[in-house]
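# Sequence and predicted model, in that order:
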Amino acid sequence: MNVVVVGSGIAGLTAALHAREAGHSVTVVTKAALGDGCTGYAQGGVAGVYGAGDSAARHASDTLIAGAGLSNAAAVDVLVADGATRIAELISRGVGFDRSADGELLLGREAAHSHARIVHAGGDATGAAISRALVAAVRRTAIEVVENAFLVDLIVCDAAVRGIRLLTDGVSDDLEFDAVILATGGAGHLYAHTTNPAGTTGDGIAAALRAGVEVADLEFVQFHPTILAAGPAFLVSEAVRGEGATLIDDEGRRFTFDAHPDGELAPRDVVSRAIARQAAAQGSPVRMDATMLGASALAQRFPTIDRVTRERGFDWSREPIPVTPAAHYLMGGVVTDLDGRTSLPGLFAVGEVARTGVHGANRLASNSLLEGAVFGARAAAALDSSAGSAPPFRSQKSPLNLADSVTFRDENARRPFSRAALQQLMWDHVGLLRTDGGLADALGTISGWRAPTPRSVTEHEDANLLLLAEATASAALARAESVGAHYRTPDRVEALQLETV
Ligand code: SIN
(Lines give C-alpha, C1' and ligand atoms only; values in the text may rest on other atoms or scores of the structure.)
Protein backbone atom coordinates (compact mmCIF):
# COMPACT_ATOMS: atom_id res chain seq x y z
CA MET A 1 0.00 0.00 0.00
CA ASN A 2 0.96 3.60 -0.49
CA VAL A 3 0.71 5.10 3.00
CA VAL A 4 1.21 8.61 4.33
CA VAL A 5 1.87 9.36 7.99
CA VAL A 6 1.18 12.98 8.93
CA GLY A 7 3.26 13.95 11.96
CA SER A 8 6.62 12.84 13.30
CA GLY A 9 6.37 12.28 17.05
CA ILE A 10 6.67 8.85 18.65
CA ALA A 11 3.29 7.68 17.33
CA GLY A 12 3.85 8.77 13.75
CA LEU A 13 7.42 7.54 13.49
CA THR A 14 6.55 4.20 15.10
CA ALA A 15 3.68 3.77 12.65
CA ALA A 16 5.92 4.73 9.73
CA LEU A 17 8.68 2.31 10.72
CA HIS A 18 6.27 -0.57 11.26
CA ALA A 19 4.45 0.13 8.00
CA ARG A 20 7.74 0.20 6.10
CA GLU A 21 8.96 -2.98 7.80
CA ALA A 22 5.69 -4.62 6.71
CA GLY A 23 6.54 -3.77 3.11
CA HIS A 24 4.39 -0.71 2.52
CA SER A 25 5.53 2.33 0.60
CA VAL A 26 5.62 5.06 3.28
CA THR A 27 5.80 8.83 3.22
CA VAL A 28 6.11 10.88 6.41
CA VAL A 29 4.83 14.43 6.11
CA THR A 30 5.68 16.81 8.92
CA LYS A 31 4.86 20.42 9.64
CA ALA A 32 8.40 21.43 10.62
CA ALA A 33 11.56 19.31 10.73
CA LEU A 34 11.37 15.55 11.23
CA GLY A 35 10.99 14.87 14.95
CA ASP A 36 9.80 18.35 15.88
CA GLY A 37 6.69 18.35 18.05
CA CYS A 38 5.70 17.38 21.56
CA THR A 39 7.56 14.07 21.87
CA GLY A 40 10.96 15.76 22.03
CA TYR A 41 9.82 17.85 25.00
CA ALA A 42 8.66 14.93 27.15
CA GLN A 43 10.55 14.83 30.40
CA GLY A 44 9.02 12.17 32.65
CA GLY A 45 9.29 9.02 30.60
CA VAL A 46 7.41 5.94 29.46
CA ALA A 47 5.21 3.96 31.84
CA GLY A 48 4.99 0.25 31.62
CA VAL A 49 8.05 -1.65 32.81
CA TYR A 50 7.22 -3.79 35.77
CA GLY A 51 9.63 -3.91 38.67
CA ALA A 52 9.28 -6.41 41.52
CA GLY A 53 5.76 -6.33 42.90
CA ASP A 54 4.32 -4.47 39.91
CA SER A 55 2.11 -5.95 37.21
CA ALA A 56 0.20 -5.08 34.05
CA ALA A 57 -2.97 -5.35 36.09
CA ARG A 58 -1.76 -2.67 38.52
CA HIS A 59 -0.77 -0.39 35.67
CA ALA A 60 -4.19 -0.94 34.10
CA SER A 61 -5.93 -0.24 37.38
CA ASP A 62 -4.01 3.02 37.91
CA THR A 63 -4.82 4.08 34.32
CA LEU A 64 -8.53 3.36 34.83
CA ILE A 65 -8.66 5.23 38.15
CA ALA A 66 -6.93 8.28 36.64
CA GLY A 67 -9.39 8.13 33.73
CA ALA A 68 -12.20 8.69 36.26
CA GLY A 69 -14.35 5.84 35.01
CA LEU A 70 -14.44 6.97 31.37
CA SER A 71 -11.56 4.95 29.95
CA ASN A 72 -12.20 2.07 27.58
CA ALA A 73 -11.01 -0.97 29.56
CA ALA A 74 -10.22 -2.92 26.39
CA ALA A 75 -7.95 -0.12 25.14
CA VAL A 76 -6.23 0.05 28.52
CA ASP A 77 -5.64 -3.72 28.43
CA VAL A 78 -4.02 -3.35 25.01
CA LEU A 79 -1.83 -0.52 26.28
CA VAL A 80 -0.44 -2.41 29.24
CA ALA A 81 -0.19 -5.74 27.40
CA ASP A 82 1.87 -4.30 24.53
CA GLY A 83 3.86 -1.85 26.67
CA ALA A 84 6.89 -4.00 27.51
CA THR A 85 7.29 -5.06 23.86
CA ARG A 86 7.23 -1.47 22.65
CA ILE A 87 9.73 -0.33 25.28
CA ALA A 88 12.01 -3.21 24.25
CA GLU A 89 11.60 -2.04 20.65
CA LEU A 90 12.60 1.52 21.57
CA ILE A 91 15.71 0.11 23.24
CA SER A 92 16.50 -1.95 20.15
CA ARG A 93 16.13 1.20 18.01
CA GLY A 94 18.75 2.91 20.14
CA VAL A 95 17.00 4.67 23.02
CA GLY A 96 19.40 4.58 25.96
CA PHE A 97 17.06 4.49 28.94
CA ASP A 98 18.81 5.27 32.22
CA ARG A 99 20.18 2.25 34.08
CA SER A 100 21.71 1.50 37.45
CA ALA A 101 25.39 0.56 37.82
CA ASP A 102 24.41 -3.11 37.47
CA GLY A 103 22.53 -2.48 34.24
CA GLU A 104 18.94 -2.54 35.53
CA LEU A 105 16.50 0.00 34.09
CA LEU A 106 15.93 2.80 36.59
CA LEU A 107 12.24 3.26 37.33
CA GLY A 108 10.78 6.63 38.28
CA ARG A 109 7.49 7.36 39.99
CA GLU A 110 4.83 9.89 39.01
CA ALA A 111 1.45 10.95 40.32
CA ALA A 112 -1.36 8.42 40.61
CA HIS A 113 0.96 5.47 39.88
CA SER A 114 0.84 2.85 42.61
CA HIS A 115 4.37 1.78 41.72
CA ALA A 116 7.63 3.18 40.36
CA ARG A 117 7.40 2.11 36.70
CA ILE A 118 8.53 5.02 34.53
CA VAL A 119 11.60 4.43 32.37
CA HIS A 120 13.48 7.60 31.51
CA ALA A 121 16.48 8.72 29.49
CA GLY A 122 19.01 11.49 30.07
CA GLY A 123 17.31 11.97 33.46
CA ASP A 124 14.54 14.30 32.32
CA ALA A 125 15.21 14.24 28.57
CA THR A 126 13.32 11.07 27.66
CA GLY A 127 11.38 12.50 24.74
CA ALA A 128 14.49 13.95 23.13
CA ALA A 129 16.25 10.58 23.33
CA ILE A 130 13.26 8.79 21.79
CA SER A 131 12.88 11.37 19.07
CA ARG A 132 16.57 11.20 18.14
CA ALA A 133 16.51 7.42 17.93
CA LEU A 134 13.32 7.20 15.86
CA VAL A 135 14.37 9.98 13.48
CA ALA A 136 17.68 8.18 12.93
CA ALA A 137 15.84 4.89 12.37
CA VAL A 138 13.55 6.50 9.79
CA ARG A 139 16.54 8.10 8.03
CA ARG A 140 18.07 4.64 7.64
CA THR A 141 15.05 3.39 5.67
CA ALA A 142 13.51 4.12 2.29
CA ILE A 143 10.71 6.10 3.96
CA GLU A 144 10.19 9.33 2.05
CA VAL A 145 10.26 12.38 4.33
CA VAL A 146 8.52 15.62 3.43
CA GLU A 147 9.35 18.40 5.90
CA ASN A 148 7.82 21.86 6.36
CA ALA A 149 4.58 20.71 4.79
CA PHE A 150 1.28 21.71 6.37
CA LEU A 151 -1.78 19.44 6.35
CA VAL A 152 -4.58 21.58 4.93
CA ASP A 153 -7.20 18.88 4.67
CA LEU A 154 -8.07 15.28 4.10
CA ILE A 155 -9.30 14.41 0.64
CA VAL A 156 -12.45 12.36 0.85
CA CYS A 157 -14.13 10.68 -2.09
CA ASP A 158 -17.04 8.27 -1.96
CA ALA A 159 -16.93 8.04 1.82
CA ALA A 160 -13.26 7.06 2.06
CA VAL A 161 -10.05 8.99 2.54
CA ARG A 162 -8.12 9.17 -0.69
CA GLY A 163 -5.24 11.47 0.19
CA ILE A 164 -4.24 14.76 1.71
CA ARG A 165 -3.99 18.37 0.66
CA LEU A 166 -0.68 19.93 1.64
CA LEU A 167 0.58 23.48 1.74
CA THR A 168 4.32 23.68 1.07
CA ASP A 169 6.13 26.97 0.47
CA GLY A 170 2.78 28.63 -0.19
CA VAL A 171 1.79 26.07 -2.82
CA SER A 172 -1.17 23.76 -2.32
CA ASP A 173 -0.85 20.20 -3.56
CA ASP A 174 -3.24 17.24 -3.53
CA LEU A 175 -1.55 13.89 -3.00
CA GLU A 176 -3.15 10.48 -3.40
CA PHE A 177 -2.57 7.69 -0.88
CA ASP A 178 -4.23 4.35 -0.11
CA ALA A 179 -4.23 5.09 3.61
CA VAL A 180 -3.61 8.13 5.79
CA ILE A 181 -2.31 7.86 9.36
CA LEU A 182 -2.90 11.06 11.31
CA ALA A 183 -0.26 11.62 14.01
CA THR A 184 -0.46 15.38 14.26
CA GLY A 185 -0.62 15.70 18.05
CA GLY A 186 -2.86 17.81 20.24
CA ALA A 187 -4.01 21.39 20.49
CA GLY A 188 -2.24 23.00 23.43
CA HIS A 189 -2.20 26.35 21.65
CA LEU A 190 -5.93 26.65 22.20
CA TYR A 191 -4.80 28.12 25.52
CA ALA A 192 -2.85 31.20 26.56
CA HIS A 193 -0.49 29.09 28.67
CA THR A 194 0.67 25.68 27.46
CA THR A 195 3.59 23.31 27.76
CA ASN A 196 3.22 22.45 24.06
CA PRO A 197 5.67 23.78 21.47
CA ALA A 198 4.53 26.22 18.80
CA GLY A 199 2.67 24.45 16.03
CA THR A 200 0.48 22.36 18.33
CA THR A 201 -2.68 23.77 16.82
CA GLY A 202 -4.92 20.74 16.41
CA ASP A 203 -4.52 20.58 12.65
CA GLY A 204 -5.34 16.88 12.37
CA ILE A 205 -8.43 17.04 14.57
CA ALA A 206 -9.69 20.09 12.70
CA ALA A 207 -9.16 18.36 9.35
CA ALA A 208 -11.02 15.32 10.68
CA LEU A 209 -13.90 17.50 11.88
CA ARG A 210 -14.20 19.15 8.47
CA ALA A 211 -14.22 15.72 6.83
CA GLY A 212 -17.06 14.56 9.09
CA VAL A 213 -14.90 12.02 10.96
CA GLU A 214 -16.05 11.11 14.46
CA VAL A 215 -14.32 13.16 17.18
CA ALA A 216 -15.03 12.88 20.91
CA ASP A 217 -14.07 13.99 24.41
CA LEU A 218 -12.63 17.37 23.47
CA GLU A 219 -13.78 18.73 26.83
CA PHE A 220 -11.08 16.65 28.54
CA VAL A 221 -8.02 18.87 28.51
CA GLN A 222 -5.26 18.04 30.96
CA PHE A 223 -3.52 20.89 32.74
CA HIS A 224 -0.08 19.98 34.04
CA PRO A 225 0.23 21.29 37.61
CA THR A 226 3.83 22.44 37.70
CA ILE A 227 5.09 24.84 35.06
CA LEU A 228 7.82 27.20 36.17
CA ALA A 229 6.02 30.48 36.86
CA ALA A 230 8.80 32.64 35.46
CA GLY A 231 9.30 33.22 31.75
CA PRO A 232 8.00 31.15 28.83
CA ALA A 233 6.12 28.00 29.86
CA PHE A 234 8.62 25.39 31.01
CA LEU A 235 7.50 22.13 32.54
CA VAL A 236 8.91 20.91 35.85
CA SER A 237 8.35 17.18 35.61
CA GLU A 238 5.99 15.34 37.89
CA ALA A 239 8.90 12.98 38.39
CA VAL A 240 10.43 15.67 40.65
CA ARG A 241 7.46 15.27 42.98
CA GLY A 242 7.81 11.51 42.48
CA GLU A 243 11.30 11.82 43.97
CA GLY A 244 9.92 13.66 47.01
CA ALA A 245 9.55 17.37 46.15
CA THR A 246 6.63 19.08 47.88
CA LEU A 247 4.20 21.88 47.01
CA ILE A 248 3.93 24.63 49.60
CA ASP A 249 1.89 27.76 50.16
CA ASP A 250 3.28 31.15 51.15
CA GLU A 251 3.55 29.95 54.76
CA GLY A 252 5.45 26.81 53.80
CA ARG A 253 2.48 24.48 54.39
CA ARG A 254 1.89 21.42 52.13
CA PHE A 255 -1.59 22.42 51.00
CA THR A 256 -2.36 19.64 48.48
CA PHE A 257 -3.31 17.23 51.28
CA ASP A 258 -6.37 19.44 51.84
CA ALA A 259 -7.56 18.27 48.41
CA HIS A 260 -6.49 14.61 48.33
CA PRO A 261 -4.88 12.08 50.67
CA ASP A 262 -2.10 11.47 48.14
CA GLY A 263 -1.08 15.14 48.35
CA GLU A 264 1.45 16.11 45.69
CA LEU A 265 1.04 12.72 43.98
CA ALA A 266 -2.74 12.94 43.60
CA PRO A 267 -4.07 12.84 40.01
CA ARG A 268 -3.00 15.83 37.93
CA ASP A 269 -6.42 17.45 37.72
CA VAL A 270 -6.71 17.45 41.52
CA VAL A 271 -3.23 18.89 42.04
CA SER A 272 -3.75 21.52 39.31
CA ARG A 273 -7.00 22.75 40.85
CA ALA A 274 -5.49 22.77 44.33
CA ILE A 275 -2.63 24.92 43.03
CA ALA A 276 -5.01 27.29 41.21
CA ARG A 277 -7.14 27.76 44.29
CA GLN A 278 -4.19 28.28 46.59
CA ALA A 279 -2.52 30.74 44.21
CA ALA A 280 -5.76 32.72 43.92
CA ALA A 281 -6.18 32.73 47.71
CA GLN A 282 -2.65 33.96 48.44
CA GLY A 283 -2.36 36.21 45.39
CA SER A 284 0.93 34.70 44.22
CA PRO A 285 2.17 31.42 42.74
CA VAL A 286 2.62 28.46 45.03
CA ARG A 287 6.11 26.94 45.28
CA MET A 288 7.67 23.57 44.66
CA ASP A 289 10.27 22.66 47.25
CA ALA A 290 12.89 20.27 45.89
CA THR A 291 15.68 21.42 48.19
CA MET A 292 15.63 18.16 50.20
CA LEU A 293 16.85 16.27 47.12
CA GLY A 294 20.20 18.09 47.14
CA ALA A 295 22.16 19.87 44.43
CA SER A 296 24.01 16.91 42.97
CA ALA A 297 20.97 14.61 42.83
CA LEU A 298 18.90 17.35 41.18
CA ALA A 299 21.59 18.03 38.59
CA GLN A 300 22.07 14.36 37.83
CA ARG A 301 18.45 13.19 37.75
CA PHE A 302 16.96 16.37 36.23
CA PRO A 303 19.70 18.02 34.18
CA THR A 304 17.34 19.91 31.85
CA ILE A 305 15.23 21.34 34.66
CA ASP A 306 18.35 22.14 36.64
CA ARG A 307 19.80 24.10 33.72
CA VAL A 308 16.64 26.02 32.86
CA THR A 309 15.74 26.96 36.43
CA ARG A 310 19.28 28.26 36.95
CA GLU A 311 19.11 30.18 33.64
CA ARG A 312 15.97 31.83 34.99
CA GLY A 313 17.64 32.87 38.20
CA PHE A 314 16.66 30.10 40.64
CA ASP A 315 18.90 27.76 42.58
CA TRP A 316 16.29 25.08 43.25
CA SER A 317 18.67 23.15 45.45
CA ARG A 318 18.48 26.06 47.90
CA GLU A 319 15.06 27.69 47.40
CA PRO A 320 11.54 26.58 46.42
CA ILE A 321 10.58 27.61 42.88
CA PRO A 322 7.25 29.20 41.78
CA VAL A 323 4.98 26.89 39.79
CA THR A 324 1.60 27.19 38.08
CA PRO A 325 -0.58 24.96 35.86
CA ALA A 326 -0.74 25.16 32.05
CA ALA A 327 -2.57 23.28 29.29
CA HIS A 328 -0.64 20.10 28.58
CA TYR A 329 -2.51 17.25 26.89
CA LEU A 330 -5.78 16.56 25.09
CA MET A 331 -7.46 13.33 26.10
CA GLY A 332 -10.09 13.65 23.37
CA GLY A 333 -9.58 13.59 19.63
CA VAL A 334 -10.34 11.49 16.58
CA VAL A 335 -12.22 8.39 17.70
CA THR A 336 -10.43 5.13 16.91
CA ASP A 337 -10.84 1.43 17.47
CA LEU A 338 -8.10 -0.63 19.10
CA ASP A 339 -6.06 -0.56 15.87
CA GLY A 340 -6.23 3.16 15.14
CA ARG A 341 -9.04 2.90 12.58
CA THR A 342 -11.31 5.95 12.50
CA SER A 343 -14.89 6.27 11.30
CA LEU A 344 -13.59 7.12 7.80
CA PRO A 345 -12.34 4.10 5.81
CA GLY A 346 -8.62 4.34 5.10
CA LEU A 347 -8.02 6.96 7.80
CA PHE A 348 -6.12 6.03 10.97
CA ALA A 349 -5.22 8.21 13.96
CA VAL A 350 -2.46 7.56 16.51
CA GLY A 351 -0.96 9.46 19.43
CA GLU A 352 -2.46 12.60 20.94
CA VAL A 353 -4.63 13.34 17.89
CA ALA A 354 -6.48 10.09 18.59
CA ARG A 355 -9.06 9.27 21.17
CA THR A 356 -8.36 5.59 21.72
CA GLY A 357 -10.29 5.54 24.98
CA VAL A 358 -7.14 4.82 27.02
CA HIS A 359 -7.15 8.10 28.90
CA GLY A 360 -10.84 8.59 29.65
CA ALA A 361 -11.33 11.89 31.43
CA ASN A 362 -7.74 12.25 32.64
CA ARG A 363 -4.47 10.75 31.44
CA LEU A 364 -2.15 8.93 33.81
CA ALA A 365 1.35 10.41 33.74
CA SER A 366 3.79 8.95 31.21
CA ASN A 367 1.09 6.94 29.43
CA SER A 368 1.19 9.18 26.36
CA LEU A 369 4.55 8.13 24.90
CA LEU A 370 3.53 4.55 25.59
CA GLU A 371 0.20 5.03 23.85
CA GLY A 372 1.95 6.53 20.82
CA ALA A 373 4.30 3.55 20.53
CA VAL A 374 1.64 0.89 21.17
CA PHE A 375 -1.09 2.25 18.92
CA GLY A 376 1.33 3.50 16.25
CA ALA A 377 2.52 -0.08 15.81
CA ARG A 378 -1.02 -1.46 15.88
CA ALA A 379 -2.27 0.97 13.24
CA ALA A 380 0.56 -0.03 10.92
CA ALA A 381 -0.31 -3.69 11.44
CA ALA A 382 -3.96 -2.98 10.62
CA LEU A 383 -3.21 -1.22 7.32
CA ASP A 384 -3.68 -4.33 5.21
CA SER A 385 -7.16 -4.82 6.56
CA SER A 386 -8.15 -1.46 5.08
CA ALA A 387 -6.82 -2.30 1.61
CA GLY A 388 -9.47 -2.43 -1.04
CA SER A 389 -12.13 -0.96 1.22
CA ALA A 390 -12.06 2.39 -0.53
CA PRO A 391 -13.44 3.07 -3.98
CA PRO A 392 -11.08 4.35 -6.71
CA PHE A 393 -9.66 7.84 -6.35
CA ARG A 394 -11.39 10.16 -8.80
CA SER A 395 -10.18 13.67 -8.39
CA GLN A 396 -7.11 15.62 -7.35
CA LYS A 397 -9.38 18.35 -6.02
CA SER A 398 -10.58 18.32 -2.45
CA PRO A 399 -14.36 18.29 -2.20
CA LEU A 400 -14.02 20.65 0.73
CA ASN A 401 -14.41 24.37 0.43
CA LEU A 402 -12.16 25.71 3.15
CA ALA A 403 -13.83 29.09 3.22
CA ASP A 404 -17.04 27.32 4.23
CA SER A 405 -15.46 24.85 6.56
CA VAL A 406 -14.90 27.14 9.54
CA THR A 407 -18.03 28.27 11.28
CA PHE A 408 -18.33 32.04 11.42
CA ARG A 409 -21.91 32.73 12.34
CA ASP A 410 -22.25 36.14 13.83
CA GLU A 411 -21.06 39.04 11.70
CA ASN A 412 -21.45 41.33 14.71
CA ALA A 413 -19.04 39.70 17.10
CA ARG A 414 -18.16 42.05 19.93
CA ARG A 415 -14.40 41.70 19.70
CA PRO A 416 -12.35 41.01 16.60
CA PHE A 417 -10.84 37.57 16.33
CA SER A 418 -7.17 37.10 17.02
CA ARG A 419 -5.30 34.00 18.12
CA ALA A 420 -4.27 35.70 21.35
CA ALA A 421 -7.86 36.73 22.15
CA LEU A 422 -9.07 33.18 21.49
CA GLN A 423 -6.34 31.68 23.68
CA GLN A 424 -7.13 34.06 26.54
CA LEU A 425 -10.86 33.36 26.27
CA MET A 426 -10.25 29.61 26.35
CA TRP A 427 -7.89 30.01 29.32
CA ASP A 428 -10.37 32.13 31.23
CA HIS A 429 -13.57 30.17 30.55
CA VAL A 430 -12.86 26.74 29.06
CA GLY A 431 -9.85 25.93 31.23
CA LEU A 432 -9.12 24.40 34.57
CA LEU A 433 -12.35 25.60 36.24
CA ARG A 434 -15.53 26.07 34.21
CA THR A 435 -18.83 27.78 35.03
CA ASP A 436 -22.15 27.59 33.14
CA GLY A 437 -22.05 31.31 32.40
CA GLY A 438 -18.39 31.37 31.42
CA LEU A 439 -18.78 28.46 29.01
CA ALA A 440 -21.93 29.91 27.44
CA ASP A 441 -20.33 33.34 27.02
CA ALA A 442 -17.18 31.85 25.57
CA LEU A 443 -19.12 29.74 23.11
CA GLY A 444 -21.18 32.76 22.06
CA THR A 445 -18.07 34.82 21.42
CA ILE A 446 -16.25 32.03 19.59
CA SER A 447 -19.26 31.28 17.40
CA GLY A 448 -19.44 34.90 16.38
CA TRP A 449 -15.78 35.33 15.52
CA ARG A 450 -14.51 35.64 12.00
CA ALA A 451 -11.05 34.80 10.78
CA PRO A 452 -9.65 35.57 7.36
CA THR A 453 -10.14 32.93 4.68
CA PRO A 454 -7.04 30.86 5.33
CA ARG A 455 -4.20 31.08 2.86
CA SER A 456 -0.94 31.06 4.87
CA VAL A 457 0.02 28.38 7.38
CA THR A 458 -0.65 30.79 10.25
CA GLU A 459 -4.12 31.54 8.92
CA HIS A 460 -4.87 27.84 8.53
CA GLU A 461 -3.72 27.30 12.12
CA ASP A 462 -5.96 30.14 13.29
CA ALA A 463 -8.93 28.63 11.47
CA ASN A 464 -8.17 25.24 13.00
CA LEU A 465 -7.94 26.70 16.50
CA LEU A 466 -11.21 28.55 16.04
CA LEU A 467 -12.98 25.41 14.84
CA LEU A 468 -11.56 23.36 17.71
CA ALA A 469 -12.33 26.04 20.28
CA GLU A 470 -15.97 25.99 19.26
CA ALA A 471 -16.08 22.19 19.40
CA THR A 472 -14.30 22.15 22.78
CA ALA A 473 -16.51 24.81 24.37
CA SER A 474 -19.63 23.04 23.03
CA ALA A 475 -18.48 19.71 24.45
CA ALA A 476 -17.65 21.32 27.79
CA LEU A 477 -21.04 23.03 27.97
CA ALA A 478 -22.82 19.81 27.07
CA ARG A 479 -21.15 17.80 29.83
CA ALA A 480 -22.96 19.12 32.87
CA GLU A 481 -21.16 17.01 35.48
CA SER A 482 -17.60 17.37 36.70
CA VAL A 483 -15.44 14.40 35.81
CA GLY A 484 -11.66 14.08 35.62
CA ALA A 485 -10.08 17.08 33.96
CA HIS A 486 -13.48 18.60 33.13
CA TYR A 487 -14.44 20.56 36.23
CA ARG A 488 -17.68 22.52 36.48
CA THR A 489 -18.01 24.91 39.39
CA PRO A 490 -20.76 27.28 40.50
CA ASP A 491 -18.09 29.62 41.91
CA ARG A 492 -17.11 32.74 40.07
CA VAL A 493 -14.27 31.49 37.99
CA GLU A 494 -12.76 34.96 37.83
CA ALA A 495 -11.66 34.58 41.43
CA LEU A 496 -9.63 31.54 40.51
CA GLN A 497 -7.96 32.62 37.32
CA LEU A 498 -4.27 32.33 37.13
CA GLU A 499 -1.71 34.57 35.60
CA THR A 500 1.69 33.21 34.74
CA VAL A 501 4.07 35.63 36.34
C1 SIN B 1 6.02 15.16 33.30
O2 SIN B 1 7.21 14.84 33.17
O3 SIN B 1 5.56 15.61 34.34
C4 SIN B 1 5.11 15.03 32.13
C5 SIN B 1 4.89 13.61 31.84
C6 SIN B 1 3.56 13.40 31.14
O7 SIN B 1 2.91 14.35 30.74
O8 SIN B 1 3.14 12.24 31.07
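Yes, it's here.
# How many neighbouring residues does the closest residue to residue 47 other than its chain neighbours have?
Of all residues not flanking residue 47 in the chain, residue 366 sits nearest, at 4.1 Å (CB to CB, 6 or more residues apart in numbering). Using the backbone N, CA and C atoms, a C-beta is placed for each residue, glycine as well. For residue 366, the neighbour count with other CB atoms under 10 Å is 28.
# Phi, psi for residue 366 please.
Phi and psi for residue 366, reported as degrees, to the nearest 10, are phi 60, psi 20.
# looking at it, it is touching residue 49, isn't it?
No: the pair residue 366 / residue 49 is not scored as a contact, 10.7 Å apart, by CB atoms under 8 Å.
# This structure: helices as residue ranges?
Listed in chain order, the helices of the chain (DSSP state H) span 10-21, 56-66, 73-92, 126-139, 203-210, 238-242, 268-282, 295-301, 303-311, 368-386, 402-405, 419-429, 436-448, 457-478.
# Contact distance from the ligand - what residues of the chain qualify?
43-44, 237-239, 365-366, 368 (CB under 6 Å from any ligand atom).
# Pick the one among these closest to residue 6.
Ranked by distance to residue 6 (CB to CB), the residues of the chain next to the ligand are led by residue 368 at 18.1 Å.
# Report how many residues lie close to the nearest residue to residue 168 once chain neighbours are set aside.
Distances taken as CB to CB, 6+ apart place residue 149 nearest to residue 168, at 4.5 Å, with adjacent residues excluded. As a burial measure, residue 149 scores 22 neighbours (other CB under 10 Å).
# The one 3 residues further on too?
Using other CB under 10 Å, residue 152 has 24 other residues around it.
# And for residue 249?
Around residue 249 there are 18 residues (other CB under 10 Å).
# what's the answer for residue 2, then?
That count, for residue 2 with other CB under 10 Å as the rule, works out to 13.
# Please verify my assumption that residue 242 contacts residue 265.
Yes: shown here, residue 242 and residue 265 form a contact pair, counting by CB under 8 Å, at 6.9 Å.
# anything in contact with each of the two?
109-111 (CB atoms under 8 Å, 6 or more residues apart in numbering).
# out of these, which one sits closest to residue 270?
residue 111 (8.8 Å).
# who are the neighbours in contact with the closest residue to that closest one other than its chain neighbours?
Take residue 111 and drop its neighbours on the chain: the residue closest to it by CB to CB, 6+ apart is residue 265, 4.5 Å away. Neighbour list for residue 265: 109-112, 241-242 [criterion: CB under 8 Å, 6+ apart].
# can you list the helices of the chain in TSV and add mean pLDDT, distance to residue 348 and mean neighbour count?
Putting the helices of the chain into TSV (pLDDT from 0 to 100; distance: least, CB to CB, whole Å; neighbours: other CB atoms under 10 Å) gives the following:
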stretch	mean pLDDT	distance to residue 348	mean neighbour count
helix 10-21	98	8	27
helix 56-66	96	22	19
helix 73-92	97	15	19
helix 126-139	98	18	22
helix 203-210	98	11	26
helix 238-242	96	30	25
helix 268-282	94	28	22
helix 295-301	98	37	15
helix 303-311	98	33	17
helix 368-386	95	4	25
helix 402-405	31	22	14
helix 419-429	96	28	19
helix 436-448	95	29	18
helix 457-478	97	20	22
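# In JSON lines, list those helices along with distance to residue 120.
Listed next are the helices of the chain as JSON lines, based on distance: least, CB to CB, whole Å:
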{"stretch": "helix 10-21", "distance to residue 120": "14"}
{"stretch": "helix 56-66", "distance to residue 120": "16"}
{"stretch": "helix 73-92", "distance to residue 120": "11"}
{"stretch": "helix 126-139", "distance to residue 120": "5"}
{"stretch": "helix 203-210", "distance to residue 120": "28"}
{"stretch": "helix 238-242", "distance to residue 120": "7"}
{"stretch": "helix 268-282", "distance to residue 120": "18"}
{"stretch": "helix 295-301", "distance to residue 120": "9"}
{"stretch": "helix 303-311", "distance to residue 120": "11"}
{"stretch": "helix 368-386", "distance to residue 120": "10"}
{"stretch": "helix 402-405", "distance to residue 120": "41"}
{"stretch": "helix 419-429", "distance to residue 120": "30"}
{"stretch": "helix 436-448", "distance to residue 120": "38"}
{"stretch": "helix 457-478", "distance to residue 120": "31"}
